[in-house]
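Novice: could you look at this predicted model? Sequence included:
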Amino acid sequence: MLYEALCNYIAAAAVKGIAKRMGKYVIIAVIAIGVFAVSGVLIACMCYSQTTEEEIELAIKETKPDKLSVEQSGRLKVVADWCKKLNWFLKTQSWENSIPHLIVDDERKVMFCAIPKVASSNWKRTFIKALNITRNGSSDIRDVHAPGLLPDLRLYSKSEQEYRLRNYFKFMFVRHPMERLLSAYRNKIENKSVAIYKKDFGRHALMKVVNEKSPAELKRQSKKISFSEFTNTLTDPAYTLAHYNVHWKQYYKLCHPCFVKYDFVGKIESFEADLEYIRLKTGVDYRPSFQHHRRTTTPDVSREYFRALSNRTSRVLSQMYSLDMSLFQYDWRPKSL
């Protein structure tokens with residue numbers, strides 16, 4: 001009340017011109033009151049402002065979707081949308097075919113669907129180390145693909161499988177289907193003789209190649225299989241899907257993303273960022289296991305191989321892998337080709 005009365009008095013005095021006659025005491029009083037009032041307001045505002053900014057910053061940090069989350073949500077939505085469209089087709093499929101490919105880590109409550117030629121060897125080494133698996137007292141296991149080496153979903157009862165499918169963090173990784181196909185050819189077939197080709201992949205894989213070779217070549221069995229010959233075999237109507245080798249079998253037939261609701265779909269093309277996302281979501285850091293990981297099938301290499309394919313072969317390959325490319329947002333050919 002005293003402060004308000006004094007302010008009113010000074011204001012009135014200023015209007016009437018009295019302030020001049022009150023001398024320096026009035027001026028000092030006005031300045032003192034003003035400084036006190038302004039200081040109080042500033043201190044209050046600063047405290048309020050500081051608290052508000054901290055709260056706002058925290059709220060933004062908690063609610064603002066980061067780039068990785070947005071990207072992942074988009075990937076999973078595309079998969080879900082395509083699965084709805086293909087419901088009629090998927091009824092003829094069985095998710096149980098994915099069981100052998102789902103590696104289980106009960107300690108960390110994660111499951112990973114291993115796809116050949118999508119860094120699967122490195123992933124298996126990672127799980128061998130994480131699960132402390134040894135052979136003859138050593139964790140340095142050469143054949144990481146040995147049957148029964150890693151625990152998969154087949155080891156569990158039906159109810160145990162369903163529990164893990166509902167409660168574990170499930171993830172898979174993919175790459176462009178055409179680059180994976182070429183990688184499989186370069187790793188498994190290129191520079192191998194027809195004899196080895198036949199031994200590894202059987203007469204069905206050899207059918208188209210045999211028809212195109214002379215009796216002398218077949219007798220020698222030393223002729224190498226070109227990428228064109230290999231893809232011609234795959235696209236031959238006589239080479240049925242039942243004979244597809246796991247290294248070039250489609251993703252949706254290996255991991256069944258329309259039956260198994262994956263929490264994360266990673267891509268080789270964004271490998272480091274995707275590994276970071278998994279770490280943030282699960283607390284498991286897989287990055288150290290992939291410090292020296294590199295892709296040997298580069299864009300320049302891929303370009304040369306795919307240029308040799310006929311239009312007919314290219315068209316049939318695009319049809320064979322069209323569902324994979326739709327589910328995981330790939331163009332028919334890698335942009336580099």
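Specialist: Looks like it came in fine. This one's a predicted model, so the numbers in the text were calculated from it and none came from an experiment. Numbers count the residues shown, from 1 in each chain.

Novice: helices or strands up against the longest strand seen in the chain?
Specialist: In the chain, assigned by DSSP state E, the strand with the most residues is strand 169-174. Counting contacts by 3 or more CB pairs under 8 Å, 6 or more residues apart in numbering; DSSP states H and E, strand 169-174 packs against strand 110-113, strand 264-267, helix 271-282. For the C-beta atoms, the positions are set from N, CA and C on the backbone; glycine is no exception.

Novice: weakest of those by average pLDDT?
Specialist: In terms of average pLDDT, helix 271-282 trails the rest of these, at a mean of 91.

Novice: could you pull out the buried residues of that one?
Specialist: Applying a neighbour-count criterion of 16 or more other CB atoms under 10 Å, the buried positions in helix 271-282 are 271, 274, 275, 277, 278, 281, 282.

Novice: turn the helices and strands packed on strand 169-174 into a markdown table, including distance to residue 328.
Specialist: Output for the helices and strands packed on strand 169-174, formatted as a markdown table (distance: least, CB to CB, whole Å):
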| stretch | distance to residue 328 |
| --- | --- |
| strand 110-113 | 13 |
| strand 264-267 | 7 |
| helix 271-282 | 13 |
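
Novice: who wins for proximity to residue 246 among these?
Specialist: For the helices and strands packed on strand 169-174, the distance to residue 246 is smallest for strand 110-113, at 12.4 Å, taking CB to CB.

Novice: how long is stretch 260-278 from one end to the other?
Specialist: Between the start and the finish of stretch 260-278 there is a gap of 18 Å, counting by CA to CA, to the nearest Å.

Novice: contact partners of it?
Specialist: Contact with stretch 260-278 is made by 68-69, 71-72, 75-76, 79, 95, 98, 102, 113, 118-119, 165, 169-176, 255, 257, 281, 284, 286-287, 290, 293, 295, 328, as judged by CB atoms under 8 Å, 6 or more residues apart in numbering.

Novice: which among those residues end up buried?
Specialist: Buried by 16+ other CB under 10 Å: 68, 71-72, 75-76, 79, 98, 102, 113, 118-119, 165, 169-176, 255, 257, 281, 284, 286, 290, 328, out of the contacts of stretch 260-278.

Novice: tell me which helix or strand comes right after the longest strand of the chain.
Specialist: Under the assignment DSSP states H and E, the closest C-terminal helix or strand after strand 169-174 is helix 177-188.

Novice: how about residues contacting that following helix?
Specialist: 115-118, 200, 227, 230-231, 245, 247-248, 250-251, 296-297, 301-302, 305-306, 317, 321, 324-325, 330, 332-334, 337.

Novice: distance between the ends of stretch 146-154?
Specialist: In terms of CA to CA, the two terminal residues of stretch 146-154 are separated by 15 Å.
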